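>>> output the structure for:
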Amino acid sequence: MIADIRIRDSGYSEPLCKLDLMRFSEEQIRDRMRERGFSDESFSVCGFVDWGVDTQMILSEAYGLKRCIQEFYHGDESIVIHLLKKHIDVKYIISHYYRFISKDEYDTALYLLEHTNIIQFMLAKALDDGVLASIKGKGFYIADIKI
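I've put the predicted structure just below:
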């Protein structure tokens with residue numbers, strides 16, 4: 001979890017350092033930045049070089065991701081990397097837990113059938129794809145490909 005730390009000053013940004021957040025606490029980083037004359041507002045994390053992610057965030061959000069990896073995912077950073085690469089908001093990632101289901105699609109489908117209302121997903125997908133049309137007060141129409 002090598003953070004790309006940048007300094008902001010008068011609208012400009014310049015690289016400061018690359019820092020392994022797994023090795024240092026948030027307080028250690030803040031103390032070191034103060035020693036070097038930087039306020040909390042003057043620096044930010046601009047991604048993680050080892051993950052190939054360029055998402056900008058404040059230091060506390062980066063440490064929120066670290067806590068997620070350590071406490072929720074037992075050191076497995078793969079789900080966090082995947083979500084960041086899909087440009088999911090950092091606050092959303094920190095506030096939502098993703099439970100591993102299975103490596104197998106069949107087992108995953110069974111889990112969804114058992115634990116969710118899959119019909120809602122199917123209807124929403126069919127409506128989004130234009131396969132199904134809903135007309136208020138009239139009902140549902142399905143596209144017939146046999147025309």
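
>>> does Asp20 touch Ile2 like I think?
Yes: using Cβ atoms under 8 Å, Asp20 is in contact with Ile2, at 5.4 Å. Using the backbone N, CA and C atoms, a C-beta is placed for each residue, glycine as well.

>>> dihedrals phi and psi, Ile5?
Dihedral angles of Ile5 (phi, psi; degrees, to the nearest 10) stand at phi -100, psi 130.

>>> from Val90, how far off is it?
According to Cβ to Cβ, to the nearest Å, Ile5 and Val90 sit 16 Å apart.

>>> the chain: helices as residue ranges?
26-35, 59-67, 78-85, 90-95, 105-115, 118-129 (DSSP state H).

>>> buried residues, the shortest one. List them.
Pointing back at helix 90-95 there. Val90, Ile93, Ile94 (16 or more other Cβ atoms under 10 Å).

>>> in contact with the last one, which residues?
If you count contacts by Cβ atoms under 8 Å, 6 or more residues apart in numbering, Ile94 has them with Glu61, Gly64, Leu65, Arg67, Cys68.

>>> whichever of the residues you listed end up buried, select them in ChimeraX.
Isolation of the buried members of the contacts of Ile94 (16+ other Cβ under 10 Å) is achieved in ChimeraX through the command below:
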select :61,64,65,68
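
>>> Glu41: which of the contacts of Ile94 is nearest?
Of all those, Glu41 sits closest to Glu61, with 14.0 Å by Cβ to Cβ.
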